[in-house]
Structures are given as structure tokens and as C-alpha cells.
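Asker: mind folding the following:
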Amino acid sequence: MDIATIGGIIGGFIVVVFGSTIAGLTPADIINIPSVLITFGGGAAGAIVASPMGRLTGFSKYTRFAFSPPSADLSNLIVTLVQFSERARREGLLSLEDDLGQLDEPFLKKGIQLVVDGTDPDLVRNILDTDMKNIANRHQEGIQFWGDLGMFFPAFGMIGTLIGLIQMLKNLGSGDPSAIGAGMAAALITTLYGSLGANLFAIPIQKKLMVRDADEKVVKSVMIEGILSIQSGDNPRIVKDKLASFLPPADRAAIDDAAG
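Answerer: Numbering: from 1, shown residues only. Predicted coordinates for the structure are as follows:
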């Protein structure tokens, strides 16, 4: 579970509620069910209209990574690839077939299988690059949906404000001056909801998913470079140094210790 995502959202709501309370507002002043329906229901409807069916059915599978990141340990991955390189140098590429059943990562397993099968190196790279691009395209479906929500929530918040202003102007003939202030406050609540939904929820989740996508691209790039280095018979130390370049300098010493 990603504490930063959940803690940030909860903390943001607490700060807004606390600030509103200090300003003299009560929960009843800022909770308005019609405004919730117009802002969030309308924003979600707009995002649904803007999305193809494939995006709607698949975005939730990737959205979970904003709250529960994939467990990818880059250091352990590099150590595993270096060990494969050592074994391939000693016993040949076919010896790696015995380790395929122990690999949980489908992308890595696919790449090693291609190497064991004697596939041309250029074809191996093309296949894995294409696979990585398709994974990134699927990620974009979830990212785009949350980006659409970040755009439509404020827009429908403004629509709700306009509806509230129409209602306020309709009641001007009552002759009650207090109704103007109360009506204006109710009209502006939808704008508040739209800004809050976009800037505390939709856009931050979109940004977090973009970070997850970039992280996975790095992991897949390490796999591709490691697989091709194993296939070309590179010295395991060269493989280690090449793959360690993907890590921050502070983390590279741990690779040296783990790889012996």
C-alpha cells in the first residue's frame, strides 16, 4: 500500500476541513448533495463519453497501482540477470531453460525463452520493445481517464455554479436580501467541489500513474539490456556495470556486494 497516495489525499481533506472550520464554516455549510451529483456525477459522465469502451474496462486494473505499487526491486533484478549471465557463460544459453519456471515476471520470462530458443538478437530486441510499447499504451488508458476527470470536474463545477446562480436570480423577487448571500454561497460550492476533486484527487492520481509508468519502463529497459547482454555472451562484470548504470550511484555498491 502506497502511504504517500492515501496519506496525501486524507491529509488534503483534513487540511481543507480544518481551514474551513477556522474560517467559521460548519460541515453543513460546505456539504451539498445536489452539488456533489452535478460536479462528480457530471464529471464522471463527461470522462466516460470521452473514453472508448476499452479504456473504461481496463483503466481500473492499472489505477490500483496508484495505491498499491508493483513490487519491482531493481537491485534484485540486476543481481538475477548477472547470475543468469554467469551461468550462461559456464554452461551455455540452454542451461537457462531450467530457470524459466522460477521466473514470476512474464516479460523477463519471455525474453529468456527467446534467447534459449536461439532467436536473432535484433528480433529479440524488436519483440521486447514492441511488448514494452504496448504495455505503456495500456497504461496510458488509465492515465488518460484520470486526466479527463481532472479536466471535467472543474468544468462541471462551473456548470453547477451557473445552475445555482440561475436559482438565486429566480428567488430575487422574494424581497429577502439574505437569500442572495445564501444562494451565492450554495452556487459557489460546486466550484469548490470541482477544484477539490481535480487538484486533490484526479490530477494527483494521474501524476502518480505517470510515475509508475516511468518506473516500469526503467525496469523493462533493464530486462532488455540484460537479456541481450546474456545472449551476446558478455562478461558478467560488464553486464553488472552496464545494468548498474540504471541505478542511482548510492545504490550501486549494494549490487557489488550482492553479486559478489
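
Asker: which neighbouring elements make contact with whichever helix in the chain runs longest?
Answerer: Counting residues, the longest helix found in the chain (DSSP state H) is helix 121-170. With contacts taken as 3 or more Cβ pairs under 8 Å, 6 or more residues apart in numbering; DSSP states H and E, helix 121-170 sits against helix 33-36, helix 42-49, helix 53-67, helix 106-116, helix 177-197, helix 203-232. Placement of C-beta: from N, CA and C, glycine included.

Asker: what pLDDT, on average, does the fifth one get?
Answerer: Predicted confidence along helix 177-197 averages 80 (mean pLDDT).

Asker: over to residue 248: give its phi and psi.
Answerer: phi -60, psi 150 (degrees, to the nearest 10).

Asker: any idea how many residues pack against it?
Answerer: By the criterion of other Cβ atoms under 10 Å, residue 248 has 6 neighbours.

Asker: ok, it to residue 136 distance?
Answerer: As judged by Cβ to Cβ, to the nearest Å, residue 248 and residue 136 stand 23 Å apart.

Asker: before we move on, what about residue 76?
Answerer: Distance from residue 76 to residue 136, by Cβ to Cβ: 23 Å.

Asker: more neighbours, these two?
Answerer: Set residue 76 next to residue 136 and count neighbours by other Cβ under 10 Å: residue 136 wins out with 15 against 12.

Asker: show me the shaky parts of the protein.
Answerer: Along the chain, segments meeting pLDDT under 70 span 1, 173-183, 254, 256-260.

Asker: count the neighbours of residue 2 for me.
Answerer: Residue 2, neighbours per other Cβ under 10 Å, totals 14.

Asker: now do the contacts for it.
Answerer: 66-69, 208 (Cβ atoms under 8 Å, 6 or more residues apart in numbering).

Asker: among these, which pair sits farthest apart?
Answerer: Across those, the longest distance by Cβ to Cβ is 11.4 Å; it joins 68 and 208.

Asker: show me which of those two is the more surrounded one.
Answerer: Between residue 68 and residue 208, residue 208 has the larger neighbour count (other Cβ under 10 Å), namely 21 against 11.

Asker: that one touches residue 63, doesn't it?
Answerer: No - the pair residue 208 / residue 63 is not scored as a contact, 9.7 Å apart, by Cβ atoms under 8 Å.

Asker: which residues does stretch 202-219 contact?
Answerer: Taking Cβ under 8 Å, 6+ apart as the rule, stretch 202-219 contacts 2, 5, 8-9, 62-63, 65-66, 69-70, 72, 74, 77, 132, 135-136, 139-140, 142-143, 146-147, 149-150, 153, 246.

Asker: chain center to it: distance?
Answerer: Offset of stretch 202-219 from its chain centre (Cα atoms, centre = their mean, to the nearest Å): 4 Å.

Asker: ok, stretch 38-49 next?
Answerer: 21 Å.

Asker: for it, buried residues please.
Answerer: If you call a residue buried by 16 or more other Cβ atoms under 10 Å, then stretch 38-49 has these buried ones: 38-40, 42-44, 46-47.

Asker: go through those residues and name the one nearest residue 123.
Answerer: Taking Cβ to Cβ as the measure, residue 123 lies nearest residue 47 of those, at 39.7 Å.

Asker: and that closest one, what does it touch?
Answerer: With Cβ under 8 Å, 6+ apart, residue 47 has these contacts: 145, 148-149, 152.

Asker: and the buried ones among those, selectable in ChimeraX?
Answerer: Filtering those down to the buried ones (16+ other Cβ under 10 Å) takes a single ChimeraX command:
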select :145,148,149,152
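
Asker: with distance to residue 231 added, can I get the contacts of residue 47 in TSV?
Answerer: Below are these laid out as TSV (distance: Cβ to Cβ, whole Å):
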residue	distance to residue 231
145	38
148	42
149	44
152	48
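
Asker: which two from the contacts of residue 47 end up farthest apart in space?
Answerer: Maximum pairwise distance among the contacts of residue 47 (Cβ to Cβ): 10.5 Å, between 145 and 152.

Asker: okay, residue 20 and residue 253: tell me how far apart.
Answerer: 49 Å.

Asker: more neighbours, the two?
Answerer: residue 20 (15 against 11).
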